[in-house]
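Novice: Please work out how this folds:
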Amino acid sequence: MLKTLLSLFKKSEIKPPQAVTKPKTLKSKPKVASTRIGELGEHKINIQLDQLPKECKSLSDLMLPNPKSRTGYTQIDHIVISPYCIFFH
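Specialist: Residues are numbered from 1 along each chain as shown. Alright, predicted model coming up:
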């Protein structure tokens, strides 16, 4: 199983699937402030992930097929694979 997970880090030419966007409604307001806060949070987490030891690998924004989802995919924000365990959020 560990070999399968580590194979995710090999470079491949397969592009991740594009997320399906829902149509905009007339009453929707732009969420600029919350989007900006989310971007700052992701930036801070990426800085911390870059400081992990070399034996740890990390993945961000992983899209997995999920037929029960409205879009057909499930997103995992962050995965850290270490020699001791796997963390995900």
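
Novice: Would you confirm that Ser58 contacts Leu52?
Specialist: Yes. Look at Ser58 against Leu52 with Cβ atoms under 8 Å: they come within range, at 6.5 Å. Heads up, the C-betas are built off the backbone N, CA and C, glycines and all.

Novice: Comparing the two, which shows the higher neighbour count?
Specialist: Using other Cβ atoms under 10 Å, the more surrounded residue of Ser58 and Leu52 is Ser58, with 17 against 12.

Novice: Return every residue with contacts to both of Ser58 and Leu52.
Specialist: Common neighbours of Ser58 and Leu52, using Cβ atoms under 8 Å, 6 or more residues apart in numbering, are Val80.

Novice: helices or strands up against the longest helix anywhere in the chain?
Specialist: Within the chain, and with DSSP state H defining each element, the longest helix by residue count is helix 32-50. The contact analysis (3 or more Cβ pairs under 8 Å, 6 or more residues apart in numbering; DSSP states H and E) places helix 32-50 against strand 57-65, strand 73-81.

Novice: can you tell me which of those comes nearest to Ala33?
Specialist: In terms of Cβ to Cβ, the element of those nearest to Ala33 is strand 73-81, at 20.0 Å.

Novice: Show residues contacting that closest one.
Specialist: Contact partners of strand 73-81, identified using Cβ under 8 Å, 6+ apart, comprise 5-6, 17, 19, 45, 49, 52, 56-66, 86-89.

Novice: Could you check the pLDDT of Glu39?
Specialist: Looking at Glu39, its pLDDT is 83.

Novice: With distance to Glu39 and mean pLDDT as extra columns, can I get the helices and strands packed on helix 32-50 in CSV?
Specialist: What follows is the helices and strands packed on helix 32-50, written out as CSV (distance: least, Cβ to Cβ, whole Å; pLDDT from 0 to 100):
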stretch, distance to Glu39, mean pLDDT
strand 57-65, 12, 91
strand 73-81, 13, 91
